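K.L.:
starting from these lines, generate the structure:
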Amino acid sequence: MTSTLSEAQSKELLAPFGVPFLPERLVTSSIEAGVAAGEIGFPVVVKLCGEAIAHKTERGLVKLGLRTEVDVVAAAEELFAAARPEDGSVQVLIAPMVTATREFIAGMVVDPQFGATVLLGVGGILAEAISDVVIRLVPITLVDAFEMIDSLGSQALLAPFRGEPAVDRVALAEVLLALSNAAVATPVLASIDLNPLMIADGRPIAVDALVEMN
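P.N.:
Take a look at the predicted model:
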């Protein structure tokens, strides 16, 4: 039986391995949310987080592109009001709003037959249409990570794209290596899901994380 970590717990577990996350704040009141947003800088994303909340979007627990403290306070009040008893203790997460024309999926999954694997694929609205995914057995080396990137069919998305620079392949390879290292160091991990892994100014940023443990 697996257990799912909250987004904050997932990021706390993965950050030491080098997975790149945005600077963010967890708060317990709408007033604190407004102050935190001002300190981070607008626009921001506001999410309701809790130990039992895994899928926020489906429940409308994510507010995007908020540009004023008033908007953030109102959004936080709405999110706190949307909490359910089964969610347990909840907090609101404030993070910078990142926009990108390219999104990837990266993660780790334990295959029942082969064991832990690392995967990289095209994400966003193109994920289902293209189904471009590369998988390798853990542990991987940096060379393996580069080979995974080179094996993607959608190489055009890695080149300069719509006015943005080419994807930093070293930074992307380091994300894959971090996932592999996390799997080796933490055998109880069942899966890691970085979706989306956005490309901002050519560099990958994990704006969400979901970890399951055995």
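
K.L.:
strands along the protein, start to end?
P.N.:
Assigned by DSSP state E, the strands in the chain fall at 3-4, 25-27, 44-50, 62-66, 90-96, 103-111, 115-122, 133-137, 189-200, 203-206, 210-213.

K.L.:
and the angle from the longest one to strand 115-122?
P.N.:
In terms of direction (axes from the mean of the first three to the mean of the last three C-alpha atoms, to 10 degrees), strand 189-200 departs from strand 115-122 by 20 degrees.

K.L.:
so which other helices or strands are in contact with strand 189-200?
P.N.:
strand 103-111, helix 169-185, strand 203-206, strand 210-213 (3 or more C-beta pairs under 8 Å, 6 or more residues apart in numbering; DSSP states H and E). Every residue, glycine included, has its C-beta placed from N, CA and C.

K.L.:
same list (the ones you listed) but as TSV, adding distance to Gly41 and mean pLDDT.
P.N.:
Shown next, in TSV, are the helices and strands packed on strand 189-200 (distance: least, C-beta to C-beta, whole Å; pLDDT from 0 to 100):
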stretch	distance to Gly41	mean pLDDT
strand 103-111	22	96
helix 169-185	22	98
strand 203-206	15	96
strand 210-213	26	94
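
K.L.:
Ser30 is nearest to which of those?
P.N.:
Comparing the helices and strands packed on strand 189-200 against Ser30 with C-beta to C-beta, the closest turns out to be strand 210-213 (25.4 Å).
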